[in-house]
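Peer 1: would you be able to build a 3D model of this:
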Amino acid sequence: MKIAHLGFPEGTGFCIETDGVLRKAAAPGLLAALGGAGFDTVGGDLGPLDPCDADAPLPQSHTFLDGSAYVNHVDLVRRARGAEMPERFWTDPLMYQGCAVFDGPMARITGEEAWGIDFEAEVAVITGDVPRGASAGEAADAVLFVMLLNDISLRNLIPDELSKGFGFVQSKPPSACSPFAVSPDALAGWDGRKLHATMCVDLNGAPFGRTQAGEDMTFDFGQLIAHAAKTRALPAGTVIGSGTVSNRDDSGGPGLPVAQGGRGYSCIAEQRMVETLLHGTAATSFLKTGDTVSIWMEDASGRDLFGAITQKVETT
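Peer 2: Numbering: from 1, shown residues only. Next up is the predicted model:
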C-alpha cells in the first residue's frame, strides 16, 4: 500500500494506492484512518500522481522525533563547528523533537541566506501505537509506513541555539516529505528495521549524493522508536526520522564527493567538512536563491520508491 495526500484538485485529500491504482480514501486523513476509520477507498482511479499536486503524505501530525542514526554524520558536523563528539553517541541515540507540520515535495525552501540553509536527506517512518517501554523488536513491528524527508537545517543558527543547552527550535524549520509513504510489505529493500536502498541527491541537476541507507546505520528504526518510547507511549501517527544518511569509505574515512568517485553526501555540511579536512577550507556554499535540491530513493534495480522531493530555494 502507498499513501499520499493531494491538495489539488481541491477536496481530494488523503489517497491510497493499491495494485497501481490511486483512489481517494474514505477516511479524511491518515490519523483518522489509524484511529479506526480504516483504509477503505471511494471512487475511481485518480490517475498517476503529479508531485505538483501533492502535500506531505501526513501534512500534520502530533509528534515528530528526529534521530541521528548515522553517527558518521554526527561526527562530521560536530567537527565542522569545533565540537568534540562524546563516545556515548555510539551507544545512545541522539534525538530531538521537531516541527510536526510537514511540507509537500515541491515546497519552496525560504529564509535568509545568512542562516546557512542546508538540506538533509533522511528516511522516516510513521508508526502505529507504541506502548511505553517497548522493546526494539516491538517498536520495529509498529512501523506502518516509510517515506523520505528533507530535514532543512539552518547551520549558522545551530551553534548559538545549542549553546543554550535546550535543543533545536529556530534552526529546524518544517521538513518536506516525499509524495508517497509506503507500507513495509510493499517496500523493496525493507528488512524490518532498515531500508537497503540508495539515497539519491542532486543539487542543481548534478549528482551530490548516492549514499546507501542500509549501511553505517548505527541505530536501526526499532532502536530509535524504542529510545523515544522509553518513558512515554507514542500514539499512532508518530513520525520518526533517521537523521541524515551518511556513509564512511572502505578505510573508515568520511568518503569522497560523487564527482571524485565517492558516494557523496546527503547534506552540504558533510561535504564542507570533508573539504576542510582535505584542503584546509570549505569550498561548497550553503544553499542560495535559485538553487534546486532533488531527493529520491532507488531500490537495487533502480526503481524509484517514493517519488522525488524537488525544492527550489528563495532566500531574502
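
Peer 1: CA only for contacts and neighbour counts going forward, please
Peer 2: OK.

Peer 1: can you list the buried residues in the longest helix anywhere in the chain?
Peer 2: When the chain is parsed with DSSP state H, its longest helix is helix 268-279. Buried residues in helix 268-279, counted by 16 or more other Cα atoms under 10 Å: I268, A269, E270, Q271, R272, M273, V274, E275.

Peer 1: try stretch 284-295
Peer 2: F286, L287, K288, D291, T292, V293, S294, I295.

Peer 1: looking at the protein, which helix or strand is least sure?
Peer 2: Least confident helix or strand of the chain, by mean pLDDT, DSSP states H and E, is helix 71-80 with a mean of 75.

Peer 1: okay, now the sheet partners of the helix or strand following that one, with direction.
Peer 2: Remark: after helix 71-80, the chain's next helix or strand is strand 95-97, criterion DSSP states H and E. Applying DSSP bridges, strand 95-97 is found paired with strand 64-67 (antiparallel).

Peer 1: how about residues contacting the host helix or strand of L31?
Peer 2: Per DSSP H and E: L31 is located in helix 30-32. With Cα atoms under 8 Å, 6 or more residues apart in numbering as the contact definition, helix 30-32 has outside contacts at F14, G38, P57, L58, S61, A236, G237.

Peer 1: and whichever helix or strand comes after it, how far out from the chain's middle?
Peer 2: Moving toward the C-terminus from helix 30-32, the first helix or strand encountered (DSSP H and E) is strand 41-42. Relative to its parent chain, strand 41-42 has a centroid offset of 29 Å by Cα atoms, centre = their mean, to the nearest Å.

Peer 1: which elements pack onto strand 41-42?
Peer 2: The contact analysis (3 or more Cα pairs under 8 Å, 6 or more residues apart in numbering; DSSP states H and E) places strand 41-42 against strand 21-25.

Peer 1: adjacent strands (with direction) for the strand it packs on?
Peer 2: Strand pairing (DSSP bridges) places strand 21-25 next to strand 13-18 (antiparallel), strand 41-42 (antiparallel).

Peer 1: tell me what the next helix or strand after the shortest one is packed against?
Peer 2: Of the helices and strands lying after strand 41-42 in sequence (DSSP H and E), the nearest is strand 54-55. Of the remaining helices and strands, those touching strand 54-55 by 3+ Cα pairs under 8 Å, 6+ apart are strand 2-6.

Peer 1: if we can go back for a sec, next, the angle from the least confident helix or strand of the chain to helix 268-279.
Peer 2: 70 degrees (axes from the mean of the first three to the mean of the last three Cα atoms, to 10 degrees).

Peer 1: where in the protein is pLDDT low?
Peer 2: Low-confidence segments of the chain (pLDDT under 70): 80-81.

Peer 1: 50 instead?
Peer 2: Applying pLDDT under 50 to the chain picks out no residues at all.

Peer 1: tell me where the stretch 51-200 of the chain has helices.
Peer 2: Taking DSSP state H, counting those that start in this stretch as the criterion, the stretch 51-200 of the chain contains helices spanning 71-80, 136-141, 158-163.

Peer 1: T211: which of the ones you listed is closest?
Peer 2: When those are compared by Cα to Cα, helix 71-80 sits nearest T211, at 11.9 Å.

Peer 1: and that closest one, what does it pack onto?
Peer 2: helix 268-279.

Peer 1: got the CA positions of the helix it packs on in PDB?
Peer 2: Extracted in PDB, the C-alpha atoms of helix 268-279 (Å, rounded to 0.1, in the frame of the first residue of the first chain):
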ATOM      1  CA  ILE A 268      26.100  20.200   2.300                       C
ATOM      2  CA  ALA A 269      27.600  20.300   5.800                       C
ATOM      3  CA  GLU A 270      29.300  17.000   5.400                       C
ATOM      4  CA  GLN A 271      30.900  18.000   2.000                       C
ATOM      5  CA  ARG A 272      32.100  21.200   3.600                       C
ATOM      6  CA  MET A 273      33.700  19.300   6.500                       C
ATOM      7  CA  VAL A 274      35.500  16.900   4.100                       C
ATOM      8  CA  GLU A 275      36.700  19.900   2.000                       C
ATOM      9  CA  THR A 276      38.100  21.400   5.200                       C
ATOM     10  CA  LEU A 277      39.800  18.200   6.200                       C
ATOM     11  CA  LEU A 278      41.400  17.700   2.800                       C
ATOM     12  CA  HIS A 279      42.100  21.200   1.700                       C
END
